[in-house]
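Chemist: coords below, sequence missing:
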């Protein structure tokens, strides 16, 4: 019994220590500290320097800092003990499995608070004075989770030279990469959090969504939360859920009906007075092709005759597509007939593409025998598609086994019909002959 008591006490102590440890911190994150090299000028683009960095995260500011020994190849000045009350850094997407060589991407940069120049955030800094709260060391952290599960951007404030920053503003998205079909509604996730203990909390915010593709961009939607007003834009079919925006800081963008022109990069930016953070995500509209074969059905073909067949793939996006032909003979064996003569791409008014391939069916040259199934195959990012048509070749000298069996069956049936006819005719003839006994009686 005394042993049992000791074991129970040890278990309780161990449990208490584990709970204390889990509540005092949640993770560590390896990063790169990137900044401009000093002394660069003359109108040239600034040279950048990067150093290995480590951040240790705790959600409770009153808990003890992590006492773990940092890696020897990291400068002590690049080790930060971050206070993250919302546990934004504690997402499983930022925690690689033990022993994994794949790590989340993380970058720390110095950050300079300044008034926003966009008109939908101008109301946040109407007074020209800079608050004393901004007199500190500021950093921005951009992190990309494993397998594209999370995109995170945090702005942190630290008392001068303390290396113990606190997360003030956090913007994140769980849809770093999205694939959608044409005509479907699309949700681009974006949420944000503001430290309730910060003087910036409750001082207003603004939301901006921008689109970029191949160097060109446009404003999708912008909302001034302080003035409760949308900016004028030319974009249609895009909206924010204002109720969720105020209730749960959900700034997600909804596209009512996906179109090819929506493919590209979307940037969600959250503005606070003198601060901003943004996350980017990729949307790709993926629509598989529809296939049609012409002519259908194919005309009967004789040995040596060439039959032309064409396959049209239409309504697909993005551009990349592989077209080919297959032949399935009477024996069920399938083989490739190549790509045929493939045309260039054509773009429709809705942004989708079409392409066709033409194949010359020379039965003797291609070894098509008595014919079979001709199949057009399209391989696309949205999935594979197949369309088939039957080719019949008549007058081939060497009959197949199936043909021979059919001819034997026909011969047997004809033999049976002739036999029945013979028996019937013979019965009729015998019935019409006079009986010899009748003549004797006369």
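Modeler: Here it is on my side, so go on. This structure is a prediction, so every number in the text was calculated from the model and none was measured.
Chemist: now the strands for the stretch 151-300 of the chain?
Modeler: 151-158, 166-173, 177-180, 186-188, 191-194, 206-213, 216-224, 229-230, 238-240, 253-255, 264-272, 275-285, 290-294 (DSSP state E, counting those that start in this stretch).
Chemist: nearest to residue 26, of these?
Modeler: strand 166-173 (12.4 Å; CB to CB). For glycine as for every other residue, the C-beta is placed from the backbone atoms N, C-alpha and C.
Chemist: What is the closest one packed up against?
Modeler: Where contact means 3 or more CB pairs under 8 Å, 6 or more residues apart in numbering; DSSP states H and E, strand 166-173 is packed against strand 79-83, strand 151-158, strand 191-194, strand 264-272, strand 275-285.
Chemist: still on that earlier bit, which one of the strands of the stretch 151-300 of the chain lies closest to residue 116?
Modeler: strand 264-272 (5.3 Å).
Chemist: Now render the strands of the stretch 151-300 of the chain as a markdown table, adding mean pLDDT and mean neighbour count.
Modeler: Listed next are the strands of the stretch 151-300 of the chain as a markdown table, based on pLDDT from 0 to 100; neighbours: other CB atoms under 10 Å:
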| stretch | mean pLDDT | mean neighbour count |
| --- | --- | --- |
| strand 151-158 | 96 | 23 |
| strand 166-173 | 97 | 23 |
| strand 177-180 | 95 | 16 |
| strand 186-188 | 97 | 18 |
| strand 191-194 | 97 | 21 |
| strand 206-213 | 96 | 20 |
| strand 216-224 | 94 | 17 |
| strand 229-230 | 94 | 14 |
| strand 238-240 | 95 | 18 |
| strand 253-255 | 97 | 19 |
| strand 264-272 | 97 | 22 |
| strand 275-285 | 96 | 20 |
| strand 290-294 | 95 | 16 |
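Chemist: so residue 34 bridges to which residues?
Modeler: Beta-bridge pairing for residue 34 (DSSP bridges): residue 50.
Chemist: Let me see the contact set for it.
Modeler: For residue 34, the contact set (CB atoms under 8 Å, 6 or more residues apart in numbering) comprises 48, 49, 50, 107, 108, 109.
Chemist: can you check residue 323 too?
Modeler: Per CB under 8 Å, 6+ apart, neighbours of residue 323: 311, 313, 339, 340, 342, 355, 356, 357, 376, 377, 378.
Chemist: For residue 412, give me phi and psi.
Modeler: phi -60, psi -40 (degrees, to the nearest 10).
Chemist: Let's have the strands of the stretch 151-300 of the chain in CSV, adding distance to residue 82.
Modeler: Rendered in CSV, the data for the strands of the stretch 151-300 of the chain read as follows (distance: least, CB to CB, whole Å):
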stretch, distance to residue 82
strand 151-158, 6
strand 166-173, 7
strand 177-180, 27
strand 186-188, 28
strand 191-194, 14
strand 206-213, 25
strand 216-224, 30
strand 229-230, 35
strand 238-240, 30
strand 253-255, 29
strand 264-272, 19
strand 275-285, 15
strand 290-294, 52
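Chemist: closest to residue 372 out of those strands?
Modeler: Short answer: strand 290-294, nearest of those by CB to CB, at 14.5 Å.
Chemist: Provide the contact partners of the closest one at residue level.
Modeler: With CB under 8 Å, 6+ apart, strand 290-294 has contacts from 309-316, 374, 376, 378, 385-389.
Chemist: Perfect, I'm done here.
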